[in-house]
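Student: Okay, predicted coordinates and the sequence, questions at the end:
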Amino acid sequence: MITIRPANERGGGDYGWLNTRHTFSFSDYHDPRHMGFRTLRVINEDRVAPARGFGTHGHRDMEILSYVISGGLGHRDSTGKAAVLRPHEWQRMSAGTGVRHSEMNASRTEPVHFYQIWILPEAENLRPGYEQKLFAPEEKTGRLRLVASRGGEDGSLKIHQDVAVYNAILSGGEAVEHRLEAGRHAWLQVVKGPVELNGTKLGAGDGAAVSEERLLTIKAATDGEVILFDLA
């Protein structure tokens, strides 16, 4: 069963300095039909104006992944980490017992376009942590590259939940397959499209919840990019 979450039905809005789209309920957007999927709690697609961003604020008991599509995202947090996240880099911040951080556009002239993803952790009050890794385009072109996992397998970021996160870049007509084990579910987020998931057409920004399917075939109509979550 595949259930589409159309990009144009997401929450959020354009606030001038920030254009944001919320796949699930977040901040001022609340829809009881869209509170998350399995342990996925937030998928936000943000575009932030030059030299603007999110000032210092706090989180706890959440695994937070960030992925930049274009531009640069400046990060600072209360663990002492300070970095700029560039395209093809993934960042994992475990909020755990509590962390304060800021996310700012690192450029004074160019916007930044990125996804921020929240995953519910397997336990509360974990020790805060941070990772940032580059997964070069050639690592994920024509294949699903594991970028985050419970055990940090294959050089992926380590997250505290039974979730495997994959990233793939596809050329027109190219397809990849992923097999779900019995009882597993998936969410496909289309970064660039259009693509097809088991014959179901999806465009950029669309998401799809997958249950009771064993083999997923993702095919790009033109050049595309996807994020795939394999979920308990």
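Tutor: Everything's here; your move.
Student: got the residue ranges for the helices in this structure?
Tutor: Under the criterion DSSP state H, the chain contains helices at 137-140.
Student: ok, and the helix or strand in it with the lowest average confidence?
Tutor: strand 53-59 (a mean of 79; mean pLDDT, DSSP states H and E).
Student: That strand - contacts with which helices or strands?
Tutor: Helices and strands touching strand 53-59, by 3 or more CB pairs under 8 Å, 6 or more residues apart in numbering; DSSP states H and E, are strand 73-77, strand 99-105. C-beta coordinates here come from the backbone N, C-alpha and C atoms, glycine included.
Student: could I get these as CSV with mean neighbour count, mean pLDDT and distance to Phe135?
Tutor: Below are the helices and strands packed on strand 53-59 laid out as CSV (neighbours: other CB atoms under 10 Å; pLDDT from 0 to 100; distance: least, CB to CB, whole Å):
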stretch, mean neighbour count, mean pLDDT, distance to Phe135
strand 73-77, 20, 86, 16
strand 99-105, 20, 84, 20
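Student: do you know which of these lies nearest Arg52?
Tutor: Arg52 sits nearest to strand 99-105 of all the helices and strands packed on strand 53-59, at 5.7 Å, using CB to CB.
Student: what are the pairing partners of that closest one, and which direction each?
Tutor: strand 53-59 (antiparallel), strand 73-77 (antiparallel) (DSSP bridges).
Student: Next, the contact list for the residue most central in space within the chain, please.
Tutor: Nearest to the mean C-alpha position of the chain, by CA atoms, centre = their mean, lies Ile117 at 4.4 Å. Contact analysis of Ile117 by CB atoms under 8 Å, 6 or more residues apart in numbering lists 40, 42-44, 64-67, 227.
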